[in-house]
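J.: Need a 3D model of the following:
(2 chains)
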Number of protein chains: 2
Amino acid sequence: MDDFRGWTLGEWRERQLDGRGLERLEALLASLEDDDTAWISRLSTDGLSARWQALEARRAAGEQLSLFGVPFAVKDNIDVAGFDTTAACPEFAYAPSEDAEVIARLQAQGAIAIGKTNLDQFATGLVGTRSPYGAVTNAFDPRYVSGGSSAGSASVVARGLVPFSLGTDTAGSGRVPAGFNNIVGLKPTRGWFSNRGLVPACRTLDCISIFALTAEDAETVAEIAGGYDPQDPYSRRHPGTAPVALPIAPRLGIPDKLEFFGDTQAEAAFAAAISRLEALGAELVEIDYAPFAKLAAELYQGPWVAERTAAVEALLETDSDAIEPTVRGIVQEGFTYSALDVFKAEYRRAELSRTIGQVLNDLDALVVPTSPTIRTIAEMAEQPVAYNAQFGTYTNFTNLADLSALALPADFRSDGLPAGITLIAPAWHDRALTHFARRWQQALAAPLGATGRPAPGVAKVEQAAGCVRVAVVG
Amino acid sequence: MDDFRGWTLGEWRERQLDGRGLERLEALLASLEDDDTAWISRLSTDGLSARWQALEARRAAGEQLSLFGVPFAVKDNIDVAGFDTTAACPEFAYAPSEDAEVIARLQAQGAIAIGKTNLDQFATGLVGTRSPYGAVTNAFDPRYVSGGSSAGSASVVARGLVPFSLGTDTAGSGRVPAGFNNIVGLKPTRGWFSNRGLVPACRTLDCISIFALTAEDAETVAEIAGGYDPQDPYSRRHPGTAPVALPIAPRLGIPDKLEFFGDTQAEAAFAAAISRLEALGAELVEIDYAPFAKLAAELYQGPWVAERTAAVEALLETDSDAIEPTVRGIVQEGFTYSALDVFKAEYRRAELSRTIGQVLNDLDALVVPTSPTIRTIAEMAEQPVAYNAQFGTYTNFTNLADLSALALPADFRSDGLPAGITLIAPAWHDRALTHFARRWQQALAAPLGATGRPAPGVAKVEQAAGCVRVAVVG
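T.: Here you go, the predicted structure:
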């Protein structure tokens, strides 16, 4: 059997057509280790056979399946028929009768969900340790956290088990673990991906997100998974008027006050990334970061936590001990906020978002460290809330301000751990960000995830097709 | 002096250029009666002279002023420099240092605010009686309510004192008094008009609105007053892609279950309006009104009332007796709602809005009675909350669902009171509604407001210019 570990999506798409696709997936399932805390559940051999036969039948009937036989992993707060959905809480588990809309779209193109992945329970955390299924460790050093909440989905992509996975991102859960594991984390514009079939965290803010080894792969998946869903009231129609590429010499904002919480290695890695961006032709300009920081603080220190409370209210009432202690402490805070608190916070959100929008109007994108620092699992046990909050320094404002974001591999720290960067732009600028990220990864030429495999020859980046820039969305 | 009572905007615009403009406005101010409860404050003769001189200087300098010397009235919850803003609560009053953005835009074109008008205190009501400045009476029969909360602004237009006025509309305050006084009430799409300089009721929902004798006049004012304001965080850019006209044979929805609370005259008047619409070529189709009714109930029977509480929280704490008793009872309810209540209501709002959007997608517009019934001032004193709620039956859902609405004169009741209809369509369909309304008023050929003046020859309705229909916004 060929070694498929670390294959990109492009490699999987091509090679699964060679007649050995089922055999390859059987070998993949057999290779997954029972004590791998990244997984909560995995596809059975029988389940695989049934899915494969169905795909073969569709292909024989003439269907074009652009993801034929490509394996992927799904964070276990997204419904996949045939798997329980646990949200990392066994007492909460249920057997969904149908696929989430994004899963249905990917499986309609022939992709096969091979397992459900571990997470900070109810997607509440940025660490990957808040789960009764065990802590997910960093793909580069098991003493360190994987980041979360989409911990397992990031880990299985970083280790090259699957070419892409789905996570979710409310505060930064689709970006922090990408940064900690040297992969790409695409946090799409709110409402581009349907949330039907997702266990909510903050239902007005949640985004299903994508992990992949390359920005190109993430974009391919996004174009398939995304799209308007009339049955999700928060789904939005893509306006099709946003830029699809950054200029060749983009104007990128960086925070005037960078915070690394004393982590000099993270600071040095970010400085190296900035130099690399400048070498690529970017103009870096300092921007006033205060409104971003203020808005970020609202997410967990303000009434939006009551959305998390509403999502698990029934369980809190009937069996609150079933909830992981740190998560329980957070969701119980939601009861302390009043309706007036919500509306006053909403007014602050609107005002800060307007200010942020005006800052971004003068830029092609903002670039920030994905996380200001990283911690060991032992450190997290000492300060589970405070250190978690640090990880959200550069992510928590994004959905409140209705922005698009893309976490990318960047220069490593001197201790060998990854330290990613994140590009942030207005809503619907997702395609512009992935377009630039392809240039970025080509220039970076770093190994993919934690696989040690070199990046494949990146296709030359052309002007993206299918969408013409007719207006800058402000 | 000529009798300018009941002049339309077009007449005022033309005649104020004849050299007798100041004299005419002096006569207008002199004619206003001190015991007219529609006014809270009026421009002084000195104030008028100063404004006139400034306008003359601008005109002499070559400025084109499309509303030169046209008088208008402003609901007293909108800031006009030189007038106190009271929101119908003397203890709340303050002297604004600058004009609200909409006022600035209108005055930049030469319009002159001649007074501030009475309202249900803090724009909380649909009746026009909840004010320490007195009840505003119906322009057709003083025993009946004017409707509110924009009571005075509707009254002074209906009586032909000014050709247009500004109101506000959160629940229906810009439509119900238009219906009760036989005038046009344009409730623009949320965010088209800046709310900077407005005393908030529900800040996430409030719309400044327009009263005029004709739809044509309301549209003229809206095009001047509207527009993006970067300093109002809830201001939105006009997408410019919505339809600007209804088809010649529009498909109009009517509720499958019409509620008139036993008012057979209102029922007969609405039936007459429907027949008239059919005679104009409209196709009337019954739609499921349940989601509209459910969403309407959320506004006052749900946590959005906490927005009203937040708006007057300081006064509630320091001097709650200053608040009109019925209004105080309503705003105090806001304290009883929790953050969870808000988010759960927001989820219901989103779901019902999506359903409503799908219903409207099959229609060119919805047509409803502006109010299901009308009451005397004596009746209102007996049931101040219940009868008020009845008036909002066909209005309360509109801003929660992000729709445009236009209240229009229609067939009168057999008792001689007006009974208007309201057209409702998706966000940004405002221009399509006014375009159709011009045809409607031409066919109706009713006297203007309560002036007894016949409608002037309505200009032939051409395909609206300046905006091409390129997409149906759903």
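J.: Tell me where the stretch 51-200 of chain A has helices.
T.: A:101-108, A:151-158, A:176-180 (DSSP state H, counting those that start in this stretch).
J.: Which other helices and strands does the shortest one contact?
T.: Think helix A:176-180. Helices and strands touching helix A:176-180, by 3 or more Cβ pairs under 8 Å, 6 or more residues apart in numbering or on different chains; DSSP states H and E, are helix A:151-158, strand A:184-187, strand A:403-408. Placement of C-beta: from N, CA and C, glycine included.
J.: Can I get the helices of the stretch 51-200 of chain A in JSON lines including mean pLDDT and mean neighbour count?
T.: As requested, those are exported to JSON lines (pLDDT from 0 to 100; neighbours: other Cβ atoms under 10 Å in any protein chain shown):
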{"stretch": "helix A:101-108", "mean pLDDT": "98", "mean neighbour count": "22"}
{"stretch": "helix A:151-158", "mean pLDDT": "98", "mean neighbour count": "35"}
{"stretch": "helix A:176-180", "mean pLDDT": "98", "mean neighbour count": "36"}
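J.: Output these as a markdown table; include the columns distance to residue A:117.
T.: Shown next, in a markdown table, are the helices of the stretch 51-200 of chain A (distance: least, Cβ to Cβ, whole Å):
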| stretch | distance to residue A:117 |
| --- | --- |
| helix A:101-108 | 13 |
| helix A:151-158 | 3 |
| helix A:176-180 | 10 |
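J.: Nearest approach to residue B:275 belongs to which of those helices?
T.: Proximity to residue B:275, assessed across the helices of the stretch 51-200 of chain A by Cβ to Cβ, is greatest for helix A:101-108 (44.7 Å).
J.: wait, isn't residue A:368 in contact with residue A:394?
T.: Yes - judged on Cβ atoms under 8 Å, residue A:368 makes contact with residue A:394 at a distance of 4.0 Å.
J.: neighbour count winner among the two?
T.: More crowded of residue A:368 and residue A:394, by other Cβ atoms under 10 Å in any protein chain shown: residue A:394, with 30 against 25.
J.: Can you mark which positions in stretch A:234-241 are buried?
T.: Of the residues in stretch A:234-241, A:234, A:235, A:236, A:238 count as buried by neighbour count, 16 or more other Cβ atoms under 10 Å in any protein chain shown.
J.: same question, stretch A:218-234
T.: Judged by neighbour count (16+ other Cβ under 10 Å), stretch A:218-234 contains these buried residues: A:218-222, A:224-227, A:229, A:232-234.
J.: That stretch: end-to-end distance?
T.: Distance between the two ends of stretch A:218-234: 22 Å, counting by Cα to Cα, to the nearest Å.
J.: looking at the helices of the stretch 51-200 of chain A, which is closest to residue B:251?
T.: Evaluated with Cβ to Cβ, these place helix A:101-108 nearest to residue B:251, the distance being 30.1 Å.
J.: does that closest one come close to chain B?
T.: No - judged by Cβ under 8 Å from any Cβ of the partner chain, helix A:101-108 stays clear of chain B, getting no closer than 14.1 Å.
J.: And for that helix, what's in contact with it?
T.: With Cβ atoms under 8 Å, 6 or more residues apart in numbering or on different chains as the test, helix A:101-108 has contacts from A:67, A:72, A:74, A:78-80, A:98-99, A:113, A:166, A:193-197, A:208, A:221, A:224-227, A:229, A:231-232.
J.: circling back to that earlier point, and chain B, which of the buried residues of stretch A:218-234 reach it?
T.: Contacts with chain B within the buried residues of stretch A:218-234, as defined by Cβ under 8 Å from any Cβ: A:233, A:234.
J.: a markdown table for the buried residues of stretch A:218-234, including secondary structure and pLDDT?
T.: Putting the buried residues of stretch A:218-234 into a markdown table (DSSP: H, G, I helix; E, B strand; the rest coil; pLDDT from 0 to 100) gives the following:
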| residue | secondary structure | pLDDT |
| --- | --- | --- |
| A:218 | helix | 98 |
| A:219 | helix | 98 |
| A:220 | helix | 98 |
| A:221 | helix | 98 |
| A:222 | helix | 98 |
| A:224 | helix | 98 |
| A:225 | helix | 98 |
| A:226 | coil | 98 |
| A:227 | coil | 97 |
| A:229 | coil | 98 |
| A:232 | coil | 98 |
| A:233 | coil | 97 |
| A:234 | coil | 98 |
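J.: Out of the buried residues of stretch A:218-234, which is nearest to residue B:145?
T.: Distance to residue B:145, by Cβ to Cβ, is smallest for residue A:233 among these, at 36.3 Å.
J.: so where do the strands sit in the stretch 201-350 of chain A?
T.: Remark: strands assigned in the stretch 201-350 of chain A by DSSP state E, counting those that start in this stretch are A:207-212, A:251-255, A:283-287.
J.: Relative to residue A:292, how far out is residue A:123?
T.: 22 Å (Cβ to Cβ, to the nearest Å).
J.: who has more neighbours, these two?
T.: Higher neighbour count among residue A:123 and residue A:292: residue A:123, with 32 against 27, using other Cβ under 10 Å.
J.: Run through the residues of the stretch 101-250 of chain A sitting next to chain B.
T.: Counting by Cβ under 8 Å from any Cβ, the stretch 101-250 of chain A comes close to chain B at A:203, A:204, A:230, A:233, A:234, A:237.
J.: Please identify which helix or strand holds the closest residue to the third one other than its chain neighbours.
T.: Counting by Cβ to Cβ, 6 or more residues apart in numbering or on different chains, the nearest residue to residue A:230 once its immediate chain neighbours are dropped is residue B:358, at 6.6 Å. Here residue B:358 is covered by helix B:339-361, with elements defined by DSSP states H and E.
J.: Would you mind listing the buried residues in that helix?
T.: For helix B:339-361, the neighbour count (16+ other Cβ under 10 Å) marks B:339-357, B:359-360 as buried.
J.: just the residues you listed that are near chain A?
T.: Among the buried residues of helix B:339-361, the residues that sit close to chain A (Cβ under 8 Å from any Cβ) are B:339, B:340, B:341, B:342, B:343, B:344, B:346, B:347, B:350, B:351, B:353, B:354.
J.: Now the two most distant members of those.
T.: Using Cβ to Cβ, those span at most 23.1 Å, a distance reached by B:339 and B:354.
J.: For the stretch 151-300 of chain A, give the residue positioned nearest to chain B.
T.: Minimum separation of the stretch 151-300 of chain A from chain B (Cβ to the nearest Cβ) falls at residue A:233, amounting to 3.7 Å.
J.: how far does stretch A:294-310 stretch from start to finish?
T.: This stretch, stretch A:294-310, spans 24 Å end to end (Cα to Cα).
J.: ok, now stretch A:246-256?
T.: 22 Å.
J.: what is the mean pLDDT for it?
T.: For stretch A:246-256, mean pLDDT is 97.
J.: Please compute how far that stretch lies from its chain's middle.
T.: Mean-position distance between stretch A:246-256 and its chain equals 22 Å (Cα atoms, centre = their mean, to the nearest Å).
J.: One more: stretch A:257-269?
T.: Distance of stretch A:257-269 from its chain centroid, counting by Cα atoms, centre = their mean, is 23 Å.
J.: before we move on, what about stretch A:295-305?
T.: Averaging C-alpha positions (Cα atoms, centre = their mean) puts stretch A:295-305 20 Å from its chain's average.
J.: Now the stretch 351-474 of chain A against chain B: closest residue?
T.: Going by Cβ to the nearest Cβ, chain B is nearest to residue A:354 of the stretch 351-474 of chain A, at 4.1 Å.
J.: check contacts around the closest residue to that residue other than its chain neighbours.
T.: In this structure, residue A:354 finds its nearest non-sequential neighbour in residue B:233, 4.1 Å apart by Cβ to Cβ, 6+ apart. For residue B:233, the contacting residues are A:347, A:350, A:351, A:353, A:354, by Cβ under 8 Å, 6+ apart.
J.: what stretches of chain A score poorly on pLDDT?
T.: A:1, A:457-474 (pLDDT under 70).
J.: and with 90 instead?
T.: A:1-3, A:240-241, A:298-301, A:454-474 (pLDDT under 90).
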